[in-house]
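K.L.:
Give the three-dimensional model of this entry:
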Amino acid sequence: MAELKKKVAFARGDGIGPEIMDATLRILEAAGAELDLHEVEIGEQVYLRGVQTGIEEKTWETLLGCEAFLKAPITTPQGGGFKSLNVTIRGAFGLYANVRPCISYAPFVDTLHPTMNVVVIRENEEDLYAGIEYRPTDKTRHALKVITEEGCDRIIRYAFNYAVAHGRKKVTCFTKDNILKLSDGLFHERFEEIAKEYPQVENEHWIIDIGAAKVSDRPDLFDVVVMPNLYGDIVSDITAQIAGSVGLAGSANIGSEHSMFEAIHGSAPRRAGQNLANPSGLLLGSVMMLDHLGLSDAAAAVQNGWLRTIEEGIHTYDIYKEGVSKQKVGTKEFADAIIGNLGKKPETLSPAQKQQPVPSNNAVTSSKATQKSSVGVDVFVEWKESLETLVSLAKEASDAFTLTLITSRGTRAWPTEIEAPHLSDNLRLRFRGKNNQATQSDILNLLNRLDAKNLDITETHTLYSFDGKEGFSLSEY
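P.N.:
Numbering: from 1, shown residues only. This next block holds a predicted model:
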């Protein structure tokens, strides 16, 4: 009995998306990929029809019924409009792992790093990409960075599992836990703990700023790199570009039950409709999809056909270089060349290898129970008058609390022996409960008393300790 085709949804996207999707689908069909394709529409045109999310309800039903989603680039409005559909889809389907192989194809594609072969694995659901933002005052904006133990465990264990499945030797973690001691500190802590489960894989940690600098200068020092969401987005673009071109990088978004595959570049509307765009990123994303779906023969055929075409110097404008490239072609002609090379292998570049599936044992490590205690509250207020007046009003309202701190943008404004910094219009007041105890009733009473003083309360955060260890940041001078 013939194996059933894999049910895959696809979206043509915006800008250059339709052109590169057409090229990719033609190549997949010519390679004999056993796919049952279902087209959906998402993005800018859906939004312009009045669907504020950029994705219709019926589209969700189609996506839920498919084993994978192949998506061309989407135009995301800047500063308004619908939220990034990548972020929305990743969150809705639990696509916690973003995988971006960044490989050089020297000497056929120009690069300063001819032996580069780095895989960036990025947490995909949390961090600042949760998109939780507030405007508490006229001049201030807040963004909430969300890091959970569950999110850390799943992505870190996936990175080690990926390394084992693909014969990789080392996993490196990037964080900024010298500054973000709680959020990034948790990611680093979980990395160190989970690394113990994989003694056969070398592990190391770098601070993100020097790590990003080093990976852009000496990518040969790295193998698999894992990090939180925002850093991973930035670093994966850097690594893709220095490997040769962002336009050559595909991306996988992996969850426990669903998956999405794409190019890492944007929709490039200025290049749309000109038969110029390079479909390689989306095509290599589709190769990752075929491997994920167990269609490894078709995956190898497509990748080898692509590699052979690159070797032959048949290049689109973005990677074309005099003296290296042999022929500059458009999107359609590039696809035709790949189709003509199906069944062939590259002669210089390493041919595609059958990929082992990454084990799905991405369970969260159970942590021991902790004793959680409420010890106080941070209260943010909009304030434009003198600091001395604010201190006086806050102390009068304290009652069951002691006012211990006022900060502006995280920097101590009171008490301080040095001159107070230039104050923003949104100040944080820290109240500690008497005897380091604060009930919810105490906190509500405090807020009522502050309101009675006509203080404009914009935000509150209860302060907790866990097994006696404070679960909140200190102020910085």
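K.L.:
So which bits of stretch 432-452 are buried?
P.N.:
The neighbour-count check on stretch 432-452 (16 or more other Cβ atoms under 10 Å) flags 432-433, 438, 442-443, 446-447, 449-450 as buried. The way it works is simple: take the backbone N, C-alpha and C, and place the C-beta from them, glycine included.
K.L.:
What is the nearest of those residues to Ala212?
P.N.:
Nearest to Ala212 out of the buried residues of stretch 432-452 is Arg432 (Cβ to Cβ; 38.0 Å).
K.L.:
Are we agreed that that closest one is in a helix?
P.N.:
No. Counting by DSSP: H, G, I helix; E, B strand; the rest coil, Arg432 falls outside a helix, being strand.
K.L.:
The residue nearest to it when sequence neighbours are not counted: how many residues sit nearby?
P.N.:
Computed as Cβ to Cβ, 6 or more residues apart in numbering, the closest residue to Arg432 that is not its neighbour in sequence is Gly376, at 4.2 Å. As a burial measure, Gly376 scores 27 neighbours (other Cβ atoms under 10 Å).
K.L.:
Sheet-wise, list the partners of the helix or strand hosting Gly376 with their directions.
P.N.:
Applying DSSP states H and E as the criterion places Gly376 in strand 372-382. Applying DSSP bridges, strand 372-382 is found paired with strand 426-433 (antiparallel), strand 456-466 (antiparallel).
K.L.:
which residues are contacting the shortest one?
P.N.:
Contacts to strand 426-433, defined as Cβ atoms under 8 Å, 6 or more residues apart in numbering, come from residues 136-137, 139-140, 374-383, 390, 394, 398, 400-408, 410, 413, 438, 442, 446, 458, 463, 475.
K.L.:
same deal with stretch 140-154?
P.N.:
96-97, 123, 125-128, 130, 132-136, 180, 183-184, 186-187, 190-191, 194, 228, 362-365, 367, 424-426, 459.
K.L.:
hey, where'd the helices end up in the stretch 301-450 of the chain?
P.N.:
Shown for the stretch 301-450 of the chain, the helices assigned by DSSP state H, counting those that start in this stretch span residues 331-340, 387-398, 440-452.
K.L.:
would you turn the ones you listed into TSV with distance to Leu144 and mean pLDDT?
P.N.:
Shown next, in TSV, are the helices of the stretch 301-450 of the chain (distance: least, Cβ to Cβ, whole Å; pLDDT from 0 to 100):
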stretch	distance to Leu144	mean pLDDT
helix 331-340	41	98
helix 387-398	24	95
helix 440-452	20	97
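K.L.:
Tell me which of those helices approaches Leu28 most closely.
P.N.:
With Cβ to Cβ as the criterion, Leu28 lies closest to helix 331-340 of these, at 10.2 Å.
K.L.:
Please point out which parts of that closest one sit buried.
P.N.:
331, 334-339.
K.L.:
ditto for stretch 175-190
P.N.:
So, applying 16+ other Cβ under 10 Å, buried residues of stretch 175-190: 175-177, 180, 183-188, 190.
K.L.:
next one: stretch 266-273
P.N.:
Buried-residue list, stretch 266-273, by 16+ other Cβ under 10 Å: 266-268, 271-272.
K.L.:
Out of those, which sit inside strands?
P.N.:
Nothing among these maps onto strands, per DSSP state E.
K.L.:
Just give me the closest of those residues to Val51.
P.N.:
Ser267 (17.9 Å).
K.L.:
Can you report phi and psi for the closest one?
P.N.:
When read as degrees, to the nearest 10, the backbone of Ser267 gives phi -80, psi -10.
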